[in-house]
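A.B. asks: What shape does this take:
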Amino acid sequence: MRYQTTPYLLKDIKFTKNNLAFKNDYLERDKKHTHYDWEGLKKSLIENGYDPEKYGYIEISKDGYIYDGHHRTSVLQDIFINDEKKEVLIKKSSMNYNLEIFLIFTILFIISPILIGRYLFKKIKSIFK
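C.D. replies: Residues are numbered from 1 along each chain as shown. Down below sits the predicted model:
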């Protein structure tokens, strides 16, 4: 996967349906127990700013979905909720989210078992020779 480092509008960074739990957990942190230190992250981002060189970049797909940085994005979108033009430096993939997920699925669940099966078959076959 190839990434390009570029400024990106914070409001345009998207969560997949499966990863909205990060944002919902943050938004409901006062109403329920959460295992993540949301307030510590918020305090750090307010005091030190978003420093991708030090803490890592938010990584997104070509179509704007988050791969890495769900916690930071949740907090940053809250801090800058009224700033429509706030940009953050991100790493953007050259692939669309759905294509990348398809490729990962194909490798993990189709190609890998075939290769492992062939390897095991050869090993078992050599045992019984």
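
A.B. asks: buried residues in stretch 61-81?
C.D. replies: 61, 64-67, 69-77, 80 (16 or more other CB atoms under 10 Å). Heads up, the C-betas are built off the backbone N, CA and C, glycines and all.

A.B. asks: secondary structure class for residue 76?
C.D. replies: helix (DSSP: H, G, I helix; E, B strand; the rest coil).

A.B. asks: Give me the distance between the nearest residue to it once chain neighbours are set aside and residue 78.
C.D. replies: Closest residue in space to residue 76, ignoring its immediate chain neighbours: residue 10 at 5.8 Å, by CB to CB, 6 or more residues apart in numbering. Per CB to CB, to the nearest Å, residue 10 is found 10 Å from residue 78.

A.B. asks: hang on, the earlier thing: for the residue nearest to residue 76, give its distance to residue 102.
C.D. replies: From residue 10 to residue 102 the distance is 28 Å (CB to CB).

A.B. asks: Confirm residue 4 sits in a strand?
C.D. replies: Yes: Residue 4: assigned to a strand according to three-state DSSP.

A.B. asks: so which strand or helix has the nearest residue to it once chain neighbours are set aside?
C.D. replies: Nearest residue to residue 4, sequence neighbours excluded (CB to CB, 6+ apart): residue 92, at 5.2 Å. Assessed by DSSP states H and E, residue 92 sits inside strand 87-93.

A.B. asks: which residues touch that strand?
C.D. replies: The set of residues external to strand 87-93 that reach it, using CB atoms under 8 Å, 6 or more residues apart in numbering, is 1-10, 13, 50, 52, 57-62, 67, 69, 76, 100.

A.B. asks: pLDDT weak spots in this protein?
C.D. replies: Where the chain drops to pLDDT under 70, the residues are 1, 30-34, 94-101, 129.

A.B. asks: May I have the beta-bridge partners of residue 68?
C.D. replies: Note on residue 68: beta-bridge partners by DSSP bridges are residue 59.

A.B. asks: who's in contact with it?
C.D. replies: Residue 68 sits in contact with 56, 57, 58, 59, where contact means CB under 8 Å, 6+ apart.
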